[in-house]
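S.K.: Make a model of this:
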Amino acid sequence: MKLRTTFLSAAALMSIATAAGAQIPNSEYVARRNALAQRLQNGIVVALGSPEPEEDFIAFNQNSQFRYLTGFLEPEAALVMVVRNGTVSGTPMLFVQSSDPAREVWTGHRLGVPAVRTEFGLEGRDAETLGRVVDSLLALETTTALFTIGNFHSDNPIKTRDTQIAESFKRDHMRTPIKEANSDVSAIRRVKTAAELDFIRRAVNVTVTAQKDAMRVIEPGMNEFEVQALIEYNFRKNGADRPSFSTIVGSGPNSTTLHYGIDDRYIENNEVIVMDIGASYRGYAADVTRTVPANGKFTPAQREIYLAVRAAQKAAEQVAKVNAPAHVLSDAANASLDVSLAKLGLIESAGATYDCDAGATRQCSQRGLYYMHGLGHGIGLDVHDPGAATGGNSPLVPGSAFTIEPGIYVRASLLEIIPNTPKNQAVIAKIRPAVQKYANIGVRIEDDYIVTPTEVEWISRAPRELEEVEATMREKYTGPSARDAATVEAYRSTGRRVP
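M.R.: Numbers count the residues shown, from 1 in each chain. Alright, predicted model coming up:
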């Protein structure tokens, strides 16, 4: 099987780490840097790690691009490497903070410069010398380009630390072309290695355990934050680093808010609760959503919406094939949702539109009134990771990891949001009874998938069929699920790279 050039180097990495639970080896980081060098061809690469938090009691998390290239998890670090003719020239340099026992009383152990070569196979340098070293390299490589990798937001009036560093390079080396290379790293990250897929599976398994426990514990009268607390306890108990994004537990009207994250409302009887959650395991994200009834039994109206969403997900799954273009998944889900929404009376007919603006200059799909997000996204070091989003023409190549997550959200205020035009008035008159019937019902079902050489594998096996959800909620909750022995052993064998 031949893949496009964009994927060749990354796909070749898949054979490097095969042992289940193995730590990502230094050889894989070498392969990633080599793949980047092949894309850039010639230049000096400066990849910037995340800065130290302003307060030492704020948790530090390394940015994904730097972590992908180095595996180094301390703040204020940088990677510098010289690239000639598509290969890494010499040993790349890792700039780190010096080990300072007095400072480490507050911040914890630092690896320090001398240990960099032993732990990472890189040349260790003091972080304070970064600017001087880059200046000297550019003085020697007068015809080359400088490629920067970091946290750059050109549209933000407040410049990030990384932007300020890049601009200082530009001021000091006006004749040197300076180019941002974040997109090049993202292109390599699209296809996951065996070790990465193993960590994604473990993140998903932890998340599935949390979903099951949450289903067992939920009942009317609880607060959303109680469910959130149990979910996140499960994450940490089973070795996850943290949530991979802000935990969403949205009940009743909150179930119709896509990124609801307050989690501070008391759950009432005859409501649904959307639980969009994900654990981060060794930096790799899961993203699994389930929608459940507060009292353990879906009402007839809730069942109708739930089954419509599940049908759309199933339609996408049926066309998810190895090397298939990702847009066929969205096409299938959209067609299914159109049929269901028309049957429920929430839209006039499949393909029906409404006036998007008061001037009636644009037409929008009526489906978009209830389903306003994409069908899925890549998962990896970021919860929205570079990779096979379930739209567009990108193929579902082996090594892809992604989500499928259709939804229907009937906001009580929907009819007030639609622009007031003659056409829309007629639309509103037709759909009003259905909107009132299904108001405050939001349903999202989201699962995670991995593309192997032979199949698209569903890996987030939390209860999702309507009867399965209700059966799990009938199970007596006797406390958090016990740790899985394999999870404990995997945690011990995949500990932090830095003591």
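
S.K.: ok, residues contacting the one helix or strand Glu457 maps to?
M.R.: With secondary structure defined by DSSP states H and E, Glu457 is part of strand 456-458. Identification of contacts with strand 456-458 by C-beta atoms under 8 Å, 6 or more residues apart in numbering yields 317, 320-322, 396, 447-451. Placement of C-beta: from N, CA and C, glycine included.

S.K.: Direction included, what does it pair against?
M.R.: Partners of strand 456-458 in the sheet, by DSSP bridges, are strand 447-451 (antiparallel).

S.K.: which residues touch the strand it pairs with?
M.R.: 192, 197, 200-201, 204, 286-288, 313, 320, 322, 379, 388, 396-405, 456-460, 464.

S.K.: tell me the mean pLDDT over that strand?
M.R.: Average pLDDT, strand 447-451: 97.

S.K.: Distance from the chain centre to that strand, please.
M.R.: 12 Å (C-alpha atoms, centre = their mean, to the nearest Å).

S.K.: Check stretch 346-364 too.
M.R.: With C-alpha atoms, centre = their mean, you get 32 Å for stretch 346-364.

S.K.: that older thread, show me which parts of the strand holding Glu457 are buried, residue by residue.
M.R.: Across strand 456-458, burial judged by 16 or more other C-beta atoms under 10 Å covers Val456.

S.K.: do stretch 130-140 as well
M.R.: Those would be 130, 133-134, 137-138, for stretch 130-140 by 16+ other C-beta under 10 Å.

S.K.: Pull out the buried members of the contacts of strand 456-458.
M.R.: Among the contacts of strand 456-458, the ones that count as buried by 16+ other C-beta under 10 Å are 317, 320, 322, 396, 447-451.

S.K.: And the furthest pair within those residues?
M.R.: Val322 and Asp447 (17.4 Å; C-beta to C-beta).

S.K.: Could you give the average pLDDT over the strand holding Glu457?
M.R.: pLDDT averaged over strand 456-458 gives 97.

S.K.: helix/strand/coil for the spatially most central residue of the chain?
M.R.: Centrality entry for the chain: nearest residue to the mean C-alpha point is Val383, 0.9 Å, by C-alpha atoms, centre = their mean. Here Val383 takes the coil state, with states given by DSSP: H, G, I helix; E, B strand; the rest coil.

S.K.: Format the buried ones among the contacts of strand 456-458 as CSV; extra columns: distance to Arg67.
M.R.: Output for those, formatted as CSV (distance: C-beta to C-beta, whole Å):
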residue, distance to Arg67
Glu317, 31
Ala320, 29
Val322, 28
Leu396, 25
Asp447, 26
Asp448, 20
Tyr449, 23
Ile450, 21
Val451, 23
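
S.K.: the strands in the stretch 351-499 of the chain, which residues?
M.R.: Shown for the stretch 351-499 of the chain, the strands assigned by DSSP state E, counting those that start in this stretch span residues 353-355, 363-365, 401-404, 407-410, 441-444, 447-451, 456-458.

S.K.: Please name whichever of those strands is nearest to His327.
M.R.: strand 401-404 (12.9 Å).

S.K.: wait, what's in contact with Gly345?
M.R.: Gly345 neighbours (C-beta under 8 Å, 6+ apart): 430-431, 433-434, 437.

S.K.: let's see 6 Å
M.R.: Ala434 (C-beta atoms under 6 Å, 6 or more residues apart in numbering).

S.K.: how about the strands of the stretch 351-499 of the chain, which one is nearest Ser481?
M.R.: strand 447-451 (19.2 Å).

S.K.: right, and the helix or strand after the lowest-mean-pLDDT helix or strand in the chain?
M.R.: Least confident element among the helices and strands of the chain, by mean pLDDT, DSSP states H and E: helix 5-12 (a mean of 35). Note on helix 5-12: by DSSP H and E, the next helix or strand toward the C-terminus is helix 26-40.

S.K.: could you say what helices and strands that next one packs with?
M.R.: Judged by 3 or more C-beta pairs under 6 Å, 6 or more residues apart in numbering; DSSP states H and E, the packing partners of helix 26-40 are helix 5-12, strand 87-96.

S.K.: C-terminal to it, what's the next element?
M.R.: Next element after helix 26-40 (DSSP H and E): strand 43-48.

S.K.: residues making contact with the helix or strand that that following strand is followed by?
M.R.: Downstream of strand 43-48, the first helix or strand assigned by DSSP H and E is helix 64-70. The contact list for helix 64-70, computed with C-beta under 6 Å, 6+ apart, reads 32-33, 47, 49, 79, 149, 185, 189, 283, 381-382.

S.K.: Would you check how far apart the closest residue to the residue nearest to the centre of the chain other than its chain neighbours and Phe60 are?
M.R.: Closest residue to Val383 apart from its sequence neighbours, by C-beta to C-beta, 6 or more residues apart in numbering: Ala285 at 4.2 Å. Distance of Ala285 to Phe60, given as C-beta to C-beta, to the nearest Å: 18 Å.

S.K.: higher neighbour count, the two?
M.R.: Ala285 (29 against 16; other C-beta atoms under 10 Å).

S.K.: so what's that one up against?
M.R.: Per C-beta under 6 Å, 6+ apart, neighbours of Ala285: 244, 278, 379, 383.

S.K.: Let's see if you can find the most crowded of those.
M.R.: Greatest neighbour count in the contacts of Ala285, by other C-beta under 10 Å, goes to Gly278: 30 neighbours.

S.K.: low pLDDT regions in this structure?
M.R.: Flagging of the chain using pLDDT under 70 yields the residue ranges 1-22, 56, 142-143, 154-155, 389-391, 487-488, 490-491, 493-499.

S.K.: what does the top helix by length along it contact?
M.R.: For the chain, the helix with the greatest residue count under DSSP state H is helix 194-217. Contact with helix 194-217 is made by 14, 17-18, 20, 24, 227, 230-231, 234-235, 238, 240, 275, 278-279, 281-282, 284, 286, 288, 290, 292, 401, 448, 450, 459-460, 462, 472-473, 475, 477, 480-481, as judged by C-beta under 6 Å, 6+ apart.

S.K.: Spell out the residue ranges of the strands in the stretch 101-250 of the chain.
M.R.: 123-126, 146-149, 178-180, 242-243, 248-251.

S.K.: Pull out the buried positions in the first one.
M.R.: So the one you mean is strand 123-126. Those would be 123-125, for strand 123-126 by 16+ other C-beta under 10 Å.

S.K.: Over to the last one?
M.R.: With burial defined by 16+ other C-beta under 10 Å, the residues of strand 248-251 counted as buried are 248-251.

S.K.: Make CSV out of these and add distance to His153.
M.R.: Converted to CSV, these look like this (distance: C-beta to C-beta, whole Å):
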residue, distance to His153
Ile248, 25
Val249, 30
Gly250, 29
Ser251, 34
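
S.K.: just those residues now: which is nearest Tyr260?
M.R.: The closest of those to Tyr260 turns out to be Gly250 (C-beta to C-beta; 4.1 Å).

S.K.: May I have the residues that are in contact with that closest one?
M.R.: Applying C-beta under 6 Å, 6+ apart to Gly250 gives the contacts 260, 274.

S.K.: Distance of it relative to Ile267?
M.R.: For Gly250, the distance to Ile267 - C-beta to C-beta - is 10 Å.
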